[in-house]
Structure formats: structure tokens, C-alpha cells
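Undergrad: using only what follows, build the 3D model:
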Amino acid sequence: MIIAIASGKGGTGKTTLSVSLALSVPGSTALLDCDVEEPNADLFLSVIDRSTHDVTSLVPVIDTALCTACGACARLCEFNAIVCIGSSVMVFNELCHSCGLCARVCPHQAIREAPHKIGSIEEGRIPRSGGASPLYFAKGLLDIGKAMSPPVIRAVTECGERWLKEFPCPESLIILDSPPGTSCPMTTTVSDADCVVLVTEPTPFGLHDLTLAVETVRKMGIPFGVVINRSDSGDDRVVRYCEAEQIPLLLSIPEDRLIAEAYSRGIPLVDARREYREQFVALFEACKKLSGRTPA
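TA: The predicted structure follows:
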């Protein structure tokens, strides 16, 4: 099962929720940090056996000896990643979506595709107490100056797919810590999820961005529910919205100084307040019902 933890804005507690869920649910679990522009889940985890590899995308390389600057590649490029100026051809790697069309349409075979580094993936394991099997962990990191994060996000989710194939289990769980917002990084992350948990806070900004996230996930046709973090710090507008829209309210986490102090020291919520572990297991069961994995 794949559960994506998302939100319409940053700072609502996605990573807190993702880490807590991963540490609470027994069995074979993978935590994938897909917020590749600022991954931080491993700040709260003791990751061992780390390994790193590059993420590349294919970009066009022009063979000037064969190129006649006919302009076929530039005319057909949907992303304006190739420009012909006089007898020169310029390639803008940051705009290229690696579709390969330019190489296919070049009448002189003057274009080949070459790998271009855009980020990296770090993998490892997280030991768990009580004899439980270790968590699998992976995170992506977009290189500074690169514009497009979806290829790196897809590389992170592919790590989870490979892990599933290597360690098949009917009860395997993959948790996706999504980037904030409702644009391409978020939709790329949640697209293959069985259920999306939208984290929000009871404030005007929280409600505004929650409505955007709800509209996005509904258009994608993915089952979802809402978790309210710092639930007693604002008002009841989010609760009323969820009731009006018939959105399941999966969990409310009240403001707690102990949790905040532990967070500042890199200690997960469920280690600071161990009584929450049962609530996160219940959250997992609720997600299974939403996704149709168990009878309602």
C-alpha cells in the first residue's frame, strides 16, 4: 500500500506525520522523502548503511559537423529548449523535458541524447526496537540551480518500487513525504498513491491551501482524508469545512509544548509522546479503509 502525506502549504507537519507513521506501523515499511528541494525526514531518524547515486536526465547534444541549422528541432520542441539563431543552435538544458523528439526529427542525425546530472538519491535503513524489521529509507536532493524536480521525485519513488520487488510482502507500506503545494512536484508524488493524507492547520491560511489541495486530489481521483495539526491553536473552520465537504477527519494533534521541544532537538513525535503510536496505527487502518484495502 502507498500512502502519500501532502498539504497545500509548507510548515503544516507533513514530515512530522510521515516519520511518526513510519515508526508506528509494524511490518515491512519504506519512507520516501520526495520533497527533493528541501528533504529533512532523516533529521529525525538514525539512518544507517547509507549509499548515494546520481539522478540524470537525457538532454540533446548537437553535432556541429552534421547540423545545418535547419530549425526542425526548434520548431517542434514544445518546451522551447532548443533555439536556432542564424547558423547556430542553442540548447537550454533547464527547459528540456527529455522527450527525445528533437533527436527523432533531425533530418541529418545531428542530435544525440546524453545524460545530464540533476540531483542525487540517498538510501539507507532505519533500525527499529523490539526486534521489528528495519525501515527502508530513501530521499532525493535536487541539485542547486536545477529547475525541474519531478524527474528526481520519480527516481525516489522508483527506489520504493524496487524495494517492493526485492522484499515482497502483502502488508508492505510505502509512505511518501510529499513536497508542499499543489503544483507538479506534489502531483508527481501522489499520482500512484492508494490514499492521500492532507495535513493542515486550523488557520485562515491553512484552510485556504487545504481547499486547493482537496480540489487537486479530487481531480486526480485519489481517496483522501485530513489530519489537523496543532488543532487547538486556531478555530473550528477546518472542521466545519470537512463536515460540509464530507471529508474524513482522520486525526487531530493538539498543540503540545513537549512535542515542539522534542521536534527542535530532532526527536520524532511518537518518541516524545509514545501514546500517539496507537493513534498512528489507527490512522494507517483508516487509510486502508479509504483505499478499499479493508472493508469499510
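
Undergrad: show me where this structure has helices.
TA: 14-24, 72-76, 101-105, 150-166, 184-190, 204-220, 237-245, 257-264, 269-272, 276-291 (DSSP state H).

Undergrad: the fifth one: which residues count as buried?
TA: By neighbour count, and taking 16 or more other CB atoms under 10 Å as the criterion, the buried residues in helix 184-190 are Pro185, Met186, Thr187, Thr188, Thr189, Val190. (Glycine included, C-beta is placed from N, CA and C.)

Undergrad: show me the contact partners of that helix.
TA: Residues from elsewhere that reach helix 184-190, judged by CB atoms under 8 Å, 6 or more residues apart in numbering: 4, 6, 34-37, 149-150, 153-154, 157, 176, 178-180, 196, 213, 216-217, 220, 222.

Undergrad: and with 6 Å instead?
TA: With contacts defined as CB atoms under 6 Å, 6 or more residues apart in numbering, helix 184-190 is touched by Ala4, Ala6, Cys34, Ser149, Pro150, Ile153, Leu176, Ser178, Pro179, Val196.

Undergrad: now do the last one
TA: By CB under 6 Å, 6+ apart, the surrounding residues in contact with helix 276-291 are 3, 20-21, 24-25, 194-195, 223, 225, 250-251, 270, 294, 296.

Undergrad: now it and helix 14-24, what's the angle there?
TA: Put simply, helix 276-291 runs at 100 degrees to helix 14-24, going by axes from the mean of the first three to the mean of the last three CA atoms, to 10 degrees.

Undergrad: could you list the low-pLDDT ranges of the stretch 151-296 of the chain?
TA: Low-confidence segments of the stretch 151-296 of the chain, defined by pLDDT under 70: 294-296.

Undergrad: burial of His208, as a residue count?
TA: His208 sits with 12 neighbouring residues when counted by other CB atoms under 10 Å.

Undergrad: just Ile118 next, same as before
TA: Number of residues near Ile118 (other CB under 10 Å) recorded here: 25.

Undergrad: hang on, the earlier thing: highest neighbour count among the contacts of helix 184-190?
TA: Comparing the contacts of helix 184-190 by number of neighbours (other CB under 10 Å), Cys34 comes first, having 32 neighbours.

Undergrad: distance check, that one against Arg277.
TA: Separation of Cys34 from Arg277 (CB to CB, to the nearest Å): 24 Å.

Undergrad: list the buried ones in stretch 251-261?
TA: The neighbour-count criterion (16+ other CB under 10 Å) identifies Leu251, Ser252, Ile253, Asp256, Ile259 as the buried residues of stretch 251-261.

Undergrad: was I right about the third one contacting Val226?
TA: No: using CB atoms under 6 Å as the test, Ile253 is too far from Val226 to be in contact (11.9 Å).

Undergrad: what do the two both touch?
TA: Contact criterion CB under 6 Å, 6+ apart; residues shared by Ile253 and Val226: none found.

Undergrad: how many residues are close by the closest residue to Phe205 other than its chain neighbours?
TA: Spatial nearest neighbour of Phe205, excluding adjacent residues (CB to CB, 6 or more residues apart in numbering): Lys9 at 6.5 Å. Using other CB under 10 Å, Lys9 has 20 neighbouring residues.

Undergrad: what residue spans form the domains of this protein?
TA: Domain assignment of the chain by automatic domain parsing yields the ranges 2-46+127-291, 58-116.

Undergrad: can I get these in TSV with distance to Thr52?
TA: Formatted as TSV, those follow (distance: least, CB to CB, whole Å):
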stretch	distance to Thr52
domain 2-46+127-291	9
domain 58-116	17
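
Undergrad: packed most tightly, which of these would that be?
TA: Highest mean neighbour count of these: domain 2-46+127-291, a mean of 19 (counted as mean count of other CB atoms under 10 Å).

Undergrad: end to end, how far does that domain reach?
TA: 10 Å (CA to CA, to the nearest Å).

Undergrad: Lys288 versus Asn80, what's the distance?
TA: Taken as CB to CB, the span from Asn80 to Lys288 is 45 Å.

Undergrad: then Lys219?
TA: 23 Å.

Undergrad: repeat that for Thr16.
TA: 21 Å.

Undergrad: Val59 now?
TA: Between Val59 and Lys288 the computed distance is 42 Å (CB to CB).

Undergrad: got the contact list for Asp33?
TA: Asp33 sits next to Pro39, Ala41, Lys139, Asp177 when contact means CB under 6 Å, 6+ apart.

Undergrad: now do the same contact list for the third one.
TA: It refers to Lys139. Counting by CB under 6 Å, 6+ apart, Lys139 touches Asp33, Pro39, Glu122.

Undergrad: then the second one?
TA: For Ala41, the set of contacting residues under the criterion of CB under 6 Å, 6+ apart consists of Thr15, Val19, Asp33, Asp177.
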